[in-house]
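when you get a sec, could you give me coordinates for this:
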Amino acid sequence: MFDWKQDPHRRLNPLTNEWVLVSPHRTQRPWQGQVEESARAAQPEYDPACYLCPGNERAGGAHNPRYTSTFVFDNDFAALRPTTPPDRYDESGLLVAQGEPGICRVACFSPRHDLTIANMQPAEIRGVVDMWAGQYAELGARESIRHVQIFENRGAMMGCSNAHPHCQIWSNAELPNEIVKEQTAQLAWRAARKRCLICDYAVLEDSRKERLVDENATWLAVVPFWAVWPFETMAIPRRHVAALDALDAAERDGLADILKRITARYDRLFAAPFPYSMGFHQSPTDGEQHPEWHLHVHFYPPLLRSATVRKFLVGYEMLATPQRDLTPESAAERLRNA
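Coordinates of the predicted model:
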């Protein structure tokens, strides 16, 4: 048997049926690559130039209300539009395109410009959780919407151009690629084993603890066995629940708590604001029952060795398969210790 602390090996992601190459011995290689700028200085509580702060004018010309908690609005420069005709073009199966109607929204977590999930109060984060659940239910109830993707890009390294605490909500007429992969895998697992894939995985990780980062009564957070990003994490509700709107009060409190714990550990890891992309994967909103689906949260952070050294998915990873040097077990230990 190979030594997965030392020997190169592949790990399977059962949610996507894709492999990741793990090369633990490469953690010793010197770094002479790109070094990012240091994290930006502390933000003000209110920024008159911010288009998301209360009362300010947005880039599209509208003015924000003087909101006091969360604030949601249709994106002024949306990637999807509800009026797009769903026509299909197909030339010999080689040139295939289809119109994609949808709705894109921006959701502010707080009126304060200087906050992040890591330094918000649990009650404030709970308000964000309730907002997410409401948006999922409202948008998903529309006949034209089959998927609601809630995601946050934090930090300039992840392409975020505005430091105000916010996320985006894109709702699509068709299921996106990653959702199709995960749905196919969860359906196959349920058909073969009569159980839920993520329920089984959560029980296994909870019993072993080596990749467990944090937990509470209703949620646990792990570095997945198949993680691609150096400090990737996944938050999972202990109960089998398909979507945010099905969480009970205790589970919503638990989600607020586990999100604060994860993001605070990230910020402590390199003693700097930690960039990431975070998003919820949950049941499609196509009007069908989806007992195979188990709600979960993905965190994909790019930092590799320090606050100024990031991981790139290039070369072999673009042309062949994802690869990582730091093992998930080592990453989980470092996050636990943060």
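
all helices of the stretch 1-150 of the chain, in order?
Applying DSSP state H, counting those that start in this stretch to the stretch 1-150 of the chain gives helices spanning 122-140.

pass me the low-pLDDT residue ranges in it, would you?
Low-confidence segments of the stretch 1-150 of the chain (pLDDT under 70): 31-33, 38-41.

quick one, strands of the stretch 101-250 of the chain?
For the stretch 101-250 of the chain, strands defined by DSSP state E, counting those that start in this stretch occupy the ranges 102-108, 147-154, 166-172, 212-215, 219-222, 233-237.

would you list these in a markdown table and tack on mean neighbour count?
C-beta here means a position set from N, CA and C on the backbone, and glycine is covered the same way. Listed next are those as a markdown table, based on neighbours: other CB atoms under 10 Å:
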| stretch | mean neighbour count |
| --- | --- |
| strand 102-108 | 21 |
| strand 147-154 | 22 |
| strand 166-172 | 22 |
| strand 212-215 | 20 |
| strand 219-222 | 24 |
| strand 233-237 | 25 |
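
can you pull the contacts of the residue lying closest to Glu215 once chain neighbours are set aside?
Nearest non-adjacent residue to Glu215, counting by CB to CB, 6 or more residues apart in numbering: Ala221, 6.8 Å away. Ala221 makes contacts with Leu212, Val213, Asp214, Glu215, Thr233, Met234, Ala235, Ile236, Ile258, Arg261, Ile262, as judged by CB atoms under 8 Å, 6 or more residues apart in numbering.

look up how far Glu100 lies from Ala221.
Counting by CB to CB, to the nearest Å, the separation of Ala221 from Glu100 is 33 Å.

same question, Asn177
13 Å.

looking at those two, which has the bigger crowd around it?
Glu100 (13 against 8; other CB atoms under 10 Å).

just confirm Arg268 is within a strand.
No - applying DSSP: H, G, I helix; E, B strand; the rest coil, one finds Arg268 to be helix, outside a strand.

I figured it hits Leu335, correct?
No - Arg268 is not in contact with Leu335 according to CB atoms under 8 Å; the separation is 9.0 Å.

the more surrounded of the two?
Neighbour tally, Arg268 and Leu335, criterion other CB under 10 Å: the higher count belongs to Leu335, 23 against 14.

count the neighbours of Phe77 for me.
Neighbours of Phe77 under the rule other CB under 10 Å: 9.

number of nearby residues for Arg112?
Other residues close to Arg112 by other CB under 10 Å number 19.

surely Val148 and Gln135 touch.
Yes - using CB under 8 Å, Val148 makes contact with Gln135 at a distance of 7.1 Å.

between those two, which contacts overlap?
The contact sets of Val148 and Gln135 overlap at Ile169 (CB under 8 Å, 6+ apart).

identify the residues contacting the residue lying closest to Val129 once chain neighbours are set aside.
Once flanking residues are discounted, Val129 sits nearest to Arg252: 4.8 Å by CB to CB, 6+ apart. The contact partners of Arg252, by CB under 8 Å, 6+ apart, come to Arg126, Val129, Asp130, Ala133.

swap in 10 Å and give it another go.
Counting by CB atoms under 10 Å, 6 or more residues apart in numbering, Arg252 makes contact with Ile125, Arg126, Gly127, Val129, Asp130, Trp132, Ala133, Thr218, Leu244.

nearest to Ala188, of these?
Leu244 (24.4 Å; CB to CB).
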